[in-house]
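Participant: Below is the sequence, then the predicted model.
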Amino acid sequence: MRLAPARSPKVHTESDAAQYLYCIVRCQQPRTFDTLGMGERGDVVHTINFEDLAVITSDSPEARYDNTRRNMMAHMRVLDEVMADHTVLPIRFDSVAPGPDAVREQLLKARYRELSALLDAMEGRIELGLKAFWYEDVVFKEIVQQNPTIRRIRESLAGHSLEETYYDRIRLGELVEAELKTRRGRDAESVLERLRPLAEKTQVNATIADHMVLNAAFLISRAREAEFDSRIRKLDAEMGSRLLIKCVGPVAPYNFVNVTMQWAR
C-alpha cells in the first residue's frame, strides 16, 4: 500500500505587509496554522509574538473586507482552529494593522498587562449563544384564547369590510403587539432564570425578528458545558411545543471581550 507523502509544514517569513487580525492568545513560540487566511490569496495564518502573547494574523493585500458570508466564514474558520488549542481574545471582523511592527509595538507591547489580564479572565471559559423563537401559530392561538378583549374584537371583524373595521383593526393590532411584548418578556425570563445560575456572565442582546423571544450569550466554565447542555434539553422538553431553542457554541467570547485598536502610522 502506498503511503501519502507527508504534508510539508507551512512556512511564514515575516514581511512589512499589512496584517489581518483574528485574535490574541497566550503563545511563546511562533507558529503557523492550517486554515487559509482572509482574501483571495489565502495567505498563511501565523503568530506575531511578544513575550508570552501572540496575535493570530495573516498578510492582508486589502485594507477593508466587506461583511459578506464568505468573508465572515473565513474569519470564523481561523478562530475555530485556534480555539482548539488556545484561549482566545477575539478581535472584531475587518481589523487590519499597518504591519507586524505595529502589531507587536502598539498592541502586544503597549497593552501587555491589559491583554494578559483579559486572557487570565477567559481561561477555562467558553461562550455559548442561545436564541429562542416562538412558533407563531401557537403563540397567536394562545393570545386569542386567553385574552377576551382580543378575541371579541377579532370575532367582530368577520363579515365586515376593511373600511368599516379600520379603527377596530388598528386597535386589535395594538392589543396584540402589547400582548406579544408582555409574553416575550415573560418567556425570555423563564428561560434565563434556568440558565443564569450556570453562567459566570450573561449578555442579553436585542431580538432581531418579531417571533424571536430571546437572543443571549452565556460565559460559562468549560467544566459546566455538559450541565448547560443538559439544562437546554430540559428546557426543550418543557417548552418545545411553543418555543424553538437554538444553542450555538462554543464560540469566541465576542460578547464578553472587546479589543479595539487605533494605529499610529
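Facilitator: Perfect, I can see it now. Numbers count the residues shown, from 1 in each chain.

Participant: Determine whether the claim that residue 163 is in a helix is correct.
Facilitator: No: Residue 163 is assigned coil when assessed by DSSP: H, G, I helix; E, B strand; the rest coil, not a helix.

Participant: and it, what pLDDT?
Facilitator: At residue 163, the predicted lDDT confidence score is 74.

Participant: I'd like to know how many residues surround it.
Facilitator: 6 (other CB atoms under 10 Å). Using the backbone N, CA and C atoms, a C-beta is placed for each residue, glycine as well.

Participant: Equivalent analysis for residue 72, please.
Facilitator: Neighbours of residue 72 (other CB under 10 Å): 14.

Participant: Contact partners for it?
Facilitator: Shown in contact with residue 72 (CB atoms under 8 Å, 6 or more residues apart in numbering): residue 93.

Participant: The same query, at a cut-off of 10 Å, please.
Facilitator: Taking CB atoms under 10 Å, 6 or more residues apart in numbering, we find residue 72 in contact with 65-66, 93-94.

Participant: looking just at contacts, which helices and strands does the lengthiest helix in the chain meet?
Facilitator: If you go by DSSP state H, the chain has its longest helix at helix 166-195. Under the contact criterion of 3 or more CB pairs under 10 Å, 6 or more residues apart in numbering; DSSP states H and E, helix 166-195 touches strand 125-134, helix 136-146, helix 148-156, strand 201-204, strand 212-221, helix 225-239, strand 243-251.

Participant: which one of the contacts of residue 72 is nearest residue 197?
Facilitator: Using CB to CB, residue 93 comes nearest to residue 197 of those, at 32.1 Å.

Participant: Now for the closest one, how many residues are close by?
Facilitator: 17.

Participant: how is this protein carved up into domains?
Facilitator: Domain ranges of the chain: 19-123, 126-251, per automatic domain parsing.

Participant: lowest average confidence, helix or strand, in this protein?
Facilitator: Every helix and strand of the chain was ranked by mean pLDDT, DSSP states H and E. The lowest is helix 148-156, at a mean of 78.

Participant: the inter-axis angle of that one versus helix 166-195?
Facilitator: Relative orientation of helix 148-156 versus helix 166-195 (axes from the mean of the first three to the mean of the last three CA atoms, to 10 degrees): 140 degrees.

Participant: And helix 148-156, what's buried?
Facilitator: 150, 153-154 (16 or more other CB atoms under 10 Å).

Participant: Would you format the residues you listed as TSV with distance to residue 120 included?
Facilitator: What follows is the buried residues of helix 148-156, written out as TSV (distance: CB to CB, whole Å):
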residue	distance to residue 120
150	53
153	58
154	57
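
Participant: between the residues you listed, which is closest to residue 87?
Facilitator: residue 150 (50.4 Å).

Participant: Which pLDDT value belongs to the residue lying closest to the closest one once chain neighbours are set aside?
Facilitator: Nearest in space to residue 150, with sequence neighbours left out and distances taken as CB to CB, 6 or more residues apart in numbering, is residue 175 at 5.2 Å. If you check residue 175, the pLDDT there is 86.

Participant: Tell me, how many residues neighbour residue 175?
Facilitator: Residue 175: 16 neighbours (other CB under 10 Å).

Participant: Report the contact partners of it.
Facilitator: 143, 147, 149-150, 153-154.

Participant: Same check on residue 51?
Facilitator: By CB under 10 Å, 6+ apart, the neighbours of residue 51 are 26, 28, 108-109, 112, 116.

Participant: Buried among those? Make that a PyMOL selection.
Facilitator: Those of the contacts of residue 51 that count as buried under 16+ other CB under 10 Å are selected in PyMOL with:
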select buried, resi 26+108+116
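
Participant: Make TSV from the contacts of residue 51 and add secondary structure, pLDDT and distance to residue 169 to it.
Facilitator: Shown next, in TSV, are these (DSSP: H, G, I helix; E, B strand; the rest coil; pLDDT from 0 to 100; distance: CB to CB, whole Å):
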residue	secondary structure	pLDDT	distance to residue 169
26	strand	93	60
28	coil	89	67
108	helix	95	61
109	helix	94	64
112	helix	94	62
116	helix	95	60
